[in-house]
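K.L.:
need a 3D model of the sequence below.
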Amino acid sequence: MSGHINVSDVTLKFAGKTAPLTVLDQVSLTLSHGEFVVLLGPSGCGKSTILNLVAGFVPPDSGTISCNDRPVSGPGPSRGMVFQQPTLFPWLTVLDNVTFGPRMAGVPRPEAARMAREWLERVGLAGFEQHFPWQLSGGMKQRVALARAWLPNPDILLMDEPFGALDAQTRIMMQELLRDAWLSTGTTVLFVTHDVEEALFLADRILIMSARPGKIVDEVVLPFGQSRDIETLAQSPGYADIKQRILHLVRTEAKKYINPI
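P.N.:
Numbers count the residues shown, from 1 in each chain. So this is what the prediction gives:
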């Protein structure tokens, strides 16, 4: 099956004290252009590891990974990454943080600054260009990280629990901001979370992962369409049943760590 992202029969092992630890076991998944897919599963199942493989940070032990039908052999500008922590340079201003990547790639500073200001306005940070990270709240820092990730116009955005450290209200605001930005850009997004409600609001599809060694054990295609209101989504037909099904799957897998078969 051909798609924007193809992960085929990927297995990855980490070194252990007595024997290698299998983290992922023959994982396969495909994302189409412009699709928003969420990886959901118990802690330690390998969700973040899949992002690192697609980003090109680590190679698989076996299997293949490709983007746009080209093998992934290392990091590249077509694949942006957003982490749980904003990872901003504390000695650089907001504007210099956002333009850092393009400037290192040779984009003239005035052009990089123009594009950065457009994204900072989009994420609600116009007027904060000369602030430093220590002067910003957690949510504002993550908005800077979003602007920085989207500025090079990547084909694919890989997001590793980017809102996990935020308070509830800021998290909802960031989810809405992310969804609006995704709808306006058509970027392909692979998103990791532990939060079922977050997955239900953001995703086109949710992939459920097993306990370690991680596998894709189920796929849920969401029927809610693209025009979603976070305040009323829970009233949509089928929402409660889908949420219950996903919670049951994830809890069943999580219990395997406590009561291994």
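
K.L.:
average pLDDT for stretch 136-155?
P.N.:
Taken as a whole, stretch 136-155 has a mean pLDDT of 90.

K.L.:
how about it as CSV, C-alpha atoms only?
P.N.:
Extracted C-alpha coordinates of stretch 136-155, given in CSV (Å, rounded to 0.1, in the frame of the first residue of the first chain):
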residue,chain,number,x,y,z
LEU,A,136,6.6,33.2,28.4
SER,A,137,4.0,30.8,29.9
GLY,A,138,4.1,27.1,29.1
GLY,A,139,1.4,27.4,26.6
MET,A,140,3.1,30.4,24.9
LYS,A,141,6.3,28.4,24.6
GLN,A,142,4.5,25.6,23.0
ARG,A,143,2.9,28.0,20.5
VAL,A,144,6.4,29.2,19.6
ALA,A,145,7.4,25.5,19.1
LEU,A,146,4.5,25.0,16.8
ALA,A,147,5.3,28.1,14.7
ARG,A,148,9.0,26.9,14.5
ALA,A,149,7.9,23.4,13.4
TRP,A,150,5.6,24.7,10.7
LEU,A,151,7.7,27.6,9.4
PRO,A,152,9.8,25.4,7.0
ASN,A,153,6.4,24.1,5.5
PRO,A,154,7.2,20.4,6.2
ASP,A,155,5.3,17.7,4.4
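
K.L.:
which residues of the stretch 51-200 of the chain fall in helices?
P.N.:
Taking DSSP state H, counting those that start in this stretch, the helices of the stretch 51-200 of the chain run over residues 94-104, 109-122, 138-150, 168-185, 196-202.

K.L.:
could the ones you listed be laid out in TSV, adding distance to residue 231 and mean neighbour count?
P.N.:
C-beta coordinates here come from the backbone N, C-alpha and C atoms, glycine included. Listed next are those as TSV, based on distance: least, CB to CB, whole Å; neighbours: other CB atoms under 10 Å:
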stretch	distance to residue 231	mean neighbour count
helix 94-104	30	21
helix 109-122	22	16
helix 138-150	19	23
helix 168-185	9	16
helix 196-202	10	22
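
K.L.:
including distance to residue 225, could these go into JSON lines?
P.N.:
Converted to JSON lines, the helices of the stretch 51-200 of the chain look like this (distance: least, CB to CB, whole Å):
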{"stretch": "helix 94-104", "distance to residue 225": "32"}
{"stretch": "helix 109-122", "distance to residue 225": "23"}
{"stretch": "helix 138-150", "distance to residue 225": "23"}
{"stretch": "helix 168-185", "distance to residue 225": "11"}
{"stretch": "helix 196-202", "distance to residue 225": "12"}
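
K.L.:
touching, residue 44 and residue 212? I think so.
P.N.:
Yes. Assessed by CB atoms under 8 Å, residue 44 is found in contact with residue 212 at 5.5 Å.

K.L.:
and the strands in the protein?
P.N.:
Counting by DSSP state E, the chain has strands at residues 5-14, 21-31, 36-40, 62-67, 70-71, 79-82, 156-160, 188-193, 205-209, 216-221.

K.L.:
pretty sure residue 32 contacts residue 6?
P.N.:
No. Applying CB under 8 Å, one finds residue 32 not in contact with residue 6, separated by 10.5 Å.

K.L.:
those two: which has the busier surroundings?
P.N.:
Shown here are residue 32 and residue 6; by other CB atoms under 10 Å, residue 6 has more neighbours (20 against 14).

K.L.:
mind listing what the more buried one touches?
P.N.:
Taking CB atoms under 8 Å, 6 or more residues apart in numbering as the criterion, residue 6 is in contact with 30, 64, 65, 66, 67, 69.
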